[in-house]
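Visitor: Return a 3D structure for these sequence lines:
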Amino acid sequence: MSKPKGPRLVYACQSCGFQSPKWLGKCPDCGEWNGFVEERTSPAASTAAANRGMFGLNAMRPMPYAEIESQDDSRRESGIPEFDRVLGGGIVPGSLVLIGGEPGVGKSTLMAQVASSLAASYDAVLYVSGEESGRQIKLRGERLGLAADGLFLLPETCLERIFEQVDSMGPGAIIVDSVQTIYSTKLESAPGSVSQVREVANQFLVLAKSLSVPVFLIGHVTKDGNIAGPKALEHIVDTVLSFEGERHHNHRIVRAVKNRFGASNEIGIFEMTERGLVPVLNPSAMFLSERPVGAAGSVVVAALEGSRPLLVELQALVSSSQYGTGKRMTVGVDASRVALLMAMLDKRLGMQLIGDDVFVNVAGGIELDEPAVDLGIVAAIASSHRNRALDERTVVFGEVGLAGEVRAISQASLRLREALAMGFRRAVLPQTNLAGLPMLDDGLELVGVRSVAEAIEALF
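Guide: As a prediction, the model looks like this:
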């Protein structure tokens, strides 16, 4: 006896998308607890419908590589330079971009500004909102001072009805806020489930590639800071942008986690104001604006985020502990890396820190994860331990090994040019980087060091 061809009941993990015929307490794929939700899967579409594709398009045919036109010169500017920088130089036609961030960080505000700028260059921009009404979006637009004749608002959550409007108006760009609120009538699961999010993302991917229309998807994040939904969602899209920002700071950082059309880990820095997000043209000046002068434990490091050099203040505080065992706390840098560097200082330089409380902080709320800040961490800890301030016009950078050696880092000349532009007069860097450096201004003194001992002697 044949089985009926109706919907099939499965249990899907909301973190990774793993499916099971019965409910499980722990996902065997990703290890998430209590993440299985009941879903119903629909039967596959007919062969005739699959051959026609979306919007009645015929199936694609193989094309010779030499006959395919290049799209590198067809990037469109969004009107916001920092946003174009993160995307790799502009918006690529037919790209699918996913933007994720914490609630209230400014995702909708940024995309409203992008939609207004795109409406001035494209014939029409469709802003699909599944969370807010048209009046709410209009209220935000009036607060931001947006005025665009080519911007159309569509408060809708049904995927099929959204595609009907896309067919009728033919927009030049589409913004969806958010992808977790959109659902397809082909599936019986609730909006935001694994099946719905995967189906909606796939349909928008086909739409973007078929019509060469850029599509921007705004996504929610989980309590861990990851984009909600299956991990396959990040593999489907072309670009993944992470919207970062501290609640108590005015600046916001848009970071490219994945980008098929440009460099990954590129960042754009904005400042949250009453008129919306304003691009920061000189981020180094912003991060060093409130730097104390003559304070022990304060050092300026030259970091590199993507292709952009940043001068950031790194602070350390070493104080005696009353309990015999020191407390360790870090903000903005990896705590494990700081522990390794402290063990190296104890072994190589005899700096007894096991009984002291050590706190390391990156001023401004930015996170640094590259090895070039190792020498800055060592210098800040040594400065606070000796209670001696460093020269405020000195910048340091370099990777430090467990043997106490200072290793070379990449893009040293780019970091030095930024330091020179910000008025610094002395730089302590790895000796290996001095050989390949081009000629710089004589106003910047370069001090090459091979070990941490040489760096400490040069700094003090």
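Visitor: Cross-check the contact I'm expecting between residue 314 and residue 373.
Guide: Yes. Counting by CB atoms under 8 Å, residue 314 does reach residue 373; the two are 6.7 Å apart. Every C-beta, even on glycine, is put in place using the N, C-alpha and C of the backbone.
Visitor: who has more neighbours, those two?
Guide: More crowded of residue 314 and residue 373, by other CB atoms under 10 Å: residue 373, with 29 against 24.
Visitor: Can you name the next helix or strand after whichever strand or helix holds residue 207?
Guide: Here residue 207, judged by DSSP states H and E, is contained in helix 194-211. Heading C-terminal from helix 194-211, the first helix or strand you meet, by DSSP H and E, is strand 215-219.
Visitor: quick one: contacts of that following strand?
Guide: Residues from elsewhere that reach strand 215-219 (CB atoms under 8 Å, 6 or more residues apart in numbering): 95-100, 107-108, 111, 114, 173-180, 201, 204, 207-208, 227-229, 233, 237.
Visitor: taking the residues you listed one by one, which sit in helices?
Guide: For the contacts of strand 215-219, the ones inside helices are 107, 108, 111, 114, 201, 204, 207, 208, 233, with DSSP state H as the criterion.
Visitor: phi, psi of residue 95?
Guide: According to degrees, to the nearest 10, the main-chain angles of residue 95 amount to phi -90, psi 150.
Visitor: Isn't it up against residue 239?
Guide: Yes. If you go by CB under 8 Å, residue 95 and residue 239 touch, sitting 6.4 Å apart.
Visitor: tell me, what's touching the two both at once?
Guide: Common contact partners of residue 95 and residue 239 (CB under 8 Å, 6+ apart): 260, 261.
Visitor: any shared contact partners between residue 314 and residue 373?
Guide: For the pair residue 314 and residue 373, residues contacting each of them under the criterion CB under 8 Å, 6+ apart are 301, 333.
Visitor: Looking at the ones in helices among the contacts of strand 215-219, spot the one nearest residue 67.
Guide: Within the ones in helices among the contacts of strand 215-219, the smallest distance to residue 67 is 21.8 Å, found for residue 208 (CB to CB).
Visitor: In contact with the closest one, which residues?
Guide: Counting by CB under 8 Å, 6+ apart, residue 208 touches 94, 95, 96, 214, 215.
Visitor: Next one: it from residue 417, what distance?
Guide: Using CB to CB, to the nearest Å, residue 208 is found at 38 Å from residue 417.
Visitor: Can you report how many residues lie near residue 140?
Guide: 16.
Visitor: I'd guess it is in a helix, am I close?
Guide: Yes. Using DSSP: H, G, I helix; E, B strand; the rest coil, the assignment for residue 140 is a helix.
Visitor: What's the separation between it and residue 180?
Guide: Here residue 140 is placed at a distance of 20 Å from residue 180 (CB to CB).
Visitor: Phi first, then psi, for residue 273.
Guide: Listed backbone geometry of residue 273 is phi -130, psi -180, with angles given as degrees, to the nearest 10.
Visitor: again, but for residue 270
Guide: Here the main-chain torsion angles of residue 270 (degrees, to the nearest 10) amount to phi -130, psi 160.
Visitor: distance of it from residue 241?
Guide: Using CB to CB, one obtains 12 Å as the distance from residue 270 to residue 241.
Visitor: just residue 192 next, same as before
Guide: Note on residue 192: its distance to residue 241, by CB to CB, is 20 Å.
Visitor: go on, residue 307?
Guide: Distance check for residue 307 against residue 241: by CB to CB, it reads 16 Å.
Visitor: Which one's more surrounded, those two?
Guide: Relative neighbour count places residue 241 above the other of residue 307 and residue 241, with 27 against 13, counting by other CB under 10 Å.
Visitor: give me the element that one is part of.
Guide: Here residue 241 sits within strand 239-244, counting by DSSP H and E.
Visitor: Quick check: can you name the pairing partners of that strand and their directions?
Guide: Looking at strand 239-244 with DSSP bridges, its paired strands and their directions are strand 96-101 (parallel), strand 251-259 (antiparallel).
Visitor: CA atoms only: put the helix or strand residue 361 falls within into PDB for me.
Guide: Taking DSSP H and E as the definition, residue 361 sits inside strand 356-362. Listed next in PDB are the C-alpha coordinates belonging to strand 356-362 (Å, rounded to 0.1, in the frame of the first residue of the first chain):
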ATOM      1  CA  ASP A 356      48.500  41.000  40.900                       C
ATOM      2  CA  ASP A 357      45.200  41.900  39.400                       C
ATOM      3  CA  VAL A 358      45.600  42.700  35.700                       C
ATOM      4  CA  PHE A 359      42.900  44.500  33.700                       C
ATOM      5  CA  VAL A 360      43.200  45.200  30.000                       C
ATOM      6  CA  ASN A 361      40.800  47.400  28.100                       C
ATOM      7  CA  VAL A 362      40.500  48.800  24.500                       C
END
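Visitor: so who does the residue nearest to the spatial centre of the chain touch?
Guide: With distances taken as CA atoms, centre = their mean, residue 255 lies nearest the centre of the chain, 2.6 Å away. If a contact means CB under 8 Å, 6+ apart, then residue 255 has 86, 241, 242, 244, 265, 266, 267, 305 as its contacts.
Visitor: And the contacts of residue 208, which is closest to residue 153?
Guide: Once CB to CB is applied, the member of the contacts of residue 208 that ends up nearest residue 153 is residue 215, at 16.2 Å.
Visitor: Any idea what that closest one is bridged to?
Guide: Beta-bridge partners recorded for residue 215 (DSSP bridges): residue 96, residue 174.
Visitor: And the helices in this protein, which stretches?
Guide: In the chain, the segments counted as helices under DSSP H are 47-52, 81-87, 107-121, 134-144, 159-169, 194-211, 232-236, 283-287, 335-348, 374-386, 412-421, 431-435, 452-459.
Visitor: Mean pLDDT for those - can I get that in a markdown table?
Guide: As requested, the helices of the chain are arranged in a markdown table below (pLDDT from 0 to 100):
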| stretch | mean pLDDT |
| --- | --- |
| helix 47-52 | 43 |
| helix 81-87 | 93 |
| helix 107-121 | 90 |
| helix 134-144 | 89 |
| helix 159-169 | 93 |
| helix 194-211 | 90 |
| helix 232-236 | 83 |
| helix 283-287 | 91 |
| helix 335-348 | 94 |
| helix 374-386 | 96 |
| helix 412-421 | 93 |
| helix 431-435 | 89 |
| helix 452-459 | 95 |
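Visitor: Alright, calling it a day.
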